[in-house]
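*Asks:* Provide a 3D model corresponding to the input given below.
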Amino acid sequence: MHDSVTCPNSAPRPHTVLAFWRQHWQWILIAMFGVAGVCFGACGYIKYFRGAGQRRSVLDICYFVLHLFVIESGEVSGPVPWELQIARLAAPLAAAGAVLKAGVVIFHEQLNALRLCFAEDHVVICGLGRKGMQLVEDFRRNGDLVVVIESDEQNDRIGLCRDLGAIVLAGDATDEAMLRKARAQRAKYVVAICGGDETNLGIAVRCHQLLRQQASVSDGTVRCFVQVVDLQLCRLLRGHPIFTETSDRFQLVLFNGYENSARSVLRDHPLDSCRITPDDARQVHLVVVGFGQMGQSVLLQAARTAHYANGKKPRITIVDL
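*Replies:* Purely as a prediction, here's the structure:
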């Protein structure tokens, strides 16, 4: 069985300061208010006590500054320095913002856990690289519930996924418990698109085991799309019984990005674009520069589709350094 996973064309997002700000701007603002509260509070208290003729230790100043975060100004009366006035506003805002943000995070996690408890016919995407992010955008645009499993908790795309409404789980997608948490057994699509073929195939195996353990007649078919970069491995695996087995609700589909790209190139730019007729004396000549995986895929796709009206086979030239 063979199929492909399509996704919209979009440029990869670079790891920039702008991307970091977009993901963490709320915490950055809270930190800025907190730093302002500490700095202006310390300066304000030092100026205040000097003006009042009182000597205070560093620990005393720190103690009074901490009180600002709970809306207390301690032993302050009379004229107040402007620095302390700013600190009186900034410190409580930082404290309130931190509490509110923490509450939102906790509520959001609980809400996602509740959504997962009842999730059905959703999409599970394992791996949040460039292609994984494109798939998240595509499925969310179609209105699907998307659950992402990503091992790198520092991945800049996690925040973007959550902004799109996807649920992100941090963990190893080859772990059966993680797939169960994502309710892969009730999903309509599971896409394994991590960095290595071994990892992607491991996800498929765990997913198949999970479905066999929790098989139900009323459950629908789960289509598991697995990216395999190695062309030879991809061709070998397609002959495995797991790809032709139809007795269970698990449907495994291999896809290769190079094959898909080669298919798209030759579909959009056919070798016989000038329309060869039965009495045409011309012969198609394909020149492949570079014989890596992409070059091999183009050659194989051309061999599959190079059937022309005049019956002449194409001429192939390979240039590989």
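*Asks:* can you list the domains in this protein?
*Replies:* According to automatic domain parsing, the chain comprises the domains 17-109, 119-255, 262-319.
*Asks:* which parts of stretch 65-82 are buried?
*Replies:* Judged by neighbour count (16 or more other Cβ atoms under 10 Å), stretch 65-82 contains these buried residues: 65, 67-69, 73, 76, 81. The way it works is simple: take the backbone N, C-alpha and C, and place the C-beta from them, glycine included.
*Asks:* Then stretch 198-205?
*Replies:* Here stretch 198-205 shows 199-205 as buried, counting by 16+ other Cβ under 10 Å.
*Asks:* Identify the residues contacting the host helix or strand of residue 236?
*Replies:* Per DSSP states H and E, residue 236 falls inside helix 231-237. Contacts to helix 231-237, defined as Cβ atoms under 8 Å, 6 or more residues apart in numbering, come from residues 197, 201, 228, 243, 254, 256, 258-259, 293, 296-297, 300.
*Asks:* mind redoing it with 7 Å?
*Replies:* 197, 228, 254, 256, 258, 293, 296-297 (Cβ atoms under 7 Å, 6 or more residues apart in numbering).
*Asks:* Now do it, average pLDDT.
*Replies:* For helix 231-237, the mean pLDDT works out to 73.
*Asks:* picking that back up, in a markdown table, list the contacts of helix 231-237 along with pLDDT and secondary structure.
*Replies:* Below are these laid out as a markdown table (pLDDT from 0 to 100; DSSP: H, G, I helix; E, B strand; the rest coil):
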| residue | pLDDT | secondary structure |
| --- | --- | --- |
| 197 | 88 | helix |
| 228 | 86 | coil |
| 254 | 85 | strand |
| 256 | 78 | coil |
| 258 | 74 | helix |
| 293 | 73 | helix |
| 296 | 79 | helix |
| 297 | 75 | helix |
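*Asks:* Export those residues as TSV, with columns for neighbour count.
*Replies:* Output for those, formatted as TSV (neighbours: other Cβ atoms under 10 Å):
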residue	neighbour count
197	18
228	24
254	24
256	23
258	20
293	18
296	18
297	21
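*Asks:* Now do the buried residues in the helix holding residue 236.
*Replies:* So for helix 231-237, counting by 16+ other Cβ under 10 Å, buried means 231, 234, 237.
*Asks:* Now render the buried residues of stretch 198-205 as JSON lines, adding pLDDT and secondary structure.
*Replies:* Formatted as JSON lines, the buried residues of stretch 198-205 follow (pLDDT from 0 to 100; three-state DSSP):
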{"residue": "199", "pLDDT": "92", "secondary structure": "helix"}
{"residue": "200", "pLDDT": "92", "secondary structure": "helix"}
{"residue": "201", "pLDDT": "91", "secondary structure": "helix"}
{"residue": "202", "pLDDT": "91", "secondary structure": "helix"}
{"residue": "203", "pLDDT": "94", "secondary structure": "helix"}
{"residue": "204", "pLDDT": "91", "secondary structure": "helix"}
{"residue": "205", "pLDDT": "89", "secondary structure": "helix"}
